[in-house]
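**Student:** what follows is a predicted protein model with its sequence.
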Amino acid sequence: MAEMDTSSGGGHKKGPGVKKQAKKSTRVDLTPMVDLGFLLITFFVFTTTMSQSTAMSMNEPKDSKDDQVKVKESGAMTILLGKADQVYYYYGNLDPLKLSEQFKSTNFKEIRNLIVEKKKKTPMDDLMYVIKSDDKSTFKNAVNILDEMTISGIPPGHYAEDKMAKLEKDLIQKTEETNNIK
């Protein structure tokens, strides 16, 4: 290793007639470092594989009545997305005589517990979640409910998206008016 003498002695004199020692250049040539950097960048660009985009598989409603999936009423849960991050749900089919008992409201914090609870109580072959979005719900809500399905461990093919029926729209509208949701 190199050492540096910092003592003030050594016979150096100051004043007229004393020549100053010329300073030597301490410049470092970085050209090889730049070359190495570009070689590394090129190596990683050529050897890296790009991640493949994945799509979430969902059951979509079939156009013909013959191709539709049959679901047991006891295994079905319908999730309705309203405005202002409101979530409505019911189990099975809506019965006009029991609307107040069947049709319930919740939010995105509680819907995961309801999804998991339904999954635990229902055999996997009978389990089906039907997701329906209101005209006033946001795309963010649709993505959030699909994320909740994935987080809850619901396999693809056990949830589907469908159009909202008039009765469901009316129920959401009346509930939002009653609860003053804007």
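**Tutor:** It's in.

**Student:** and the gap between the residue nearest the centre of the chain and Asn141?
**Tutor:** Centroid-nearest residue in the chain, with Cα atoms, centre = their mean: Asp147, separated by 6.5 Å. Here Asp147 is placed at a distance of 10 Å from Asn141 (Cβ to Cβ, to the nearest Å). In this view, the C-beta of every residue, glycine as well, is placed from N, C-alpha and C.

**Student:** just for the protein, where's the confidence low?
**Tutor:** Low-confidence segments of the chain, defined by pLDDT under 70, span residues 1-15, 17, 55-69, 182.

**Student:** how about the helices of the protein, start to end?
**Tutor:** Along the chain, counting by DSSP state H, helices occupy 31-47, 99-102, 108-121, 139-151, 166-178.

**Student:** give me the contacts around the last one.
**Tutor:** It stands for helix 166-178. Here helix 166-178 makes contact (Cβ atoms under 8 Å, 6 or more residues apart in numbering) with 78, 80, 82-84, 86, 88, 94, 96, 99, 103, 105, 132, 134, 181.

**Student:** now the buried members of those.
**Tutor:** In the contacts of helix 166-178, burial by neighbour count holds for Thr78, Leu80, Gly82, Lys83, Gln86, Tyr88, Leu94, Phe103, Ser105, Lys132, Asp134, counting by 16 or more other Cβ atoms under 10 Å.

**Student:** which residue, other than its chain neighbours, is closest to the last one?
**Tutor:** Spelled out, it's Asp134. Nearest residue to Asp134, sequence neighbours excluded (Cβ to Cβ, 6 or more residues apart in numbering): Gly82, at 5.1 Å.

**Student:** the one you found and Asp135 touch, don't they?
**Tutor:** No - taking Cβ atoms under 8 Å as the definition, Gly82 is not a contact partner of Asp135, at 9.9 Å.
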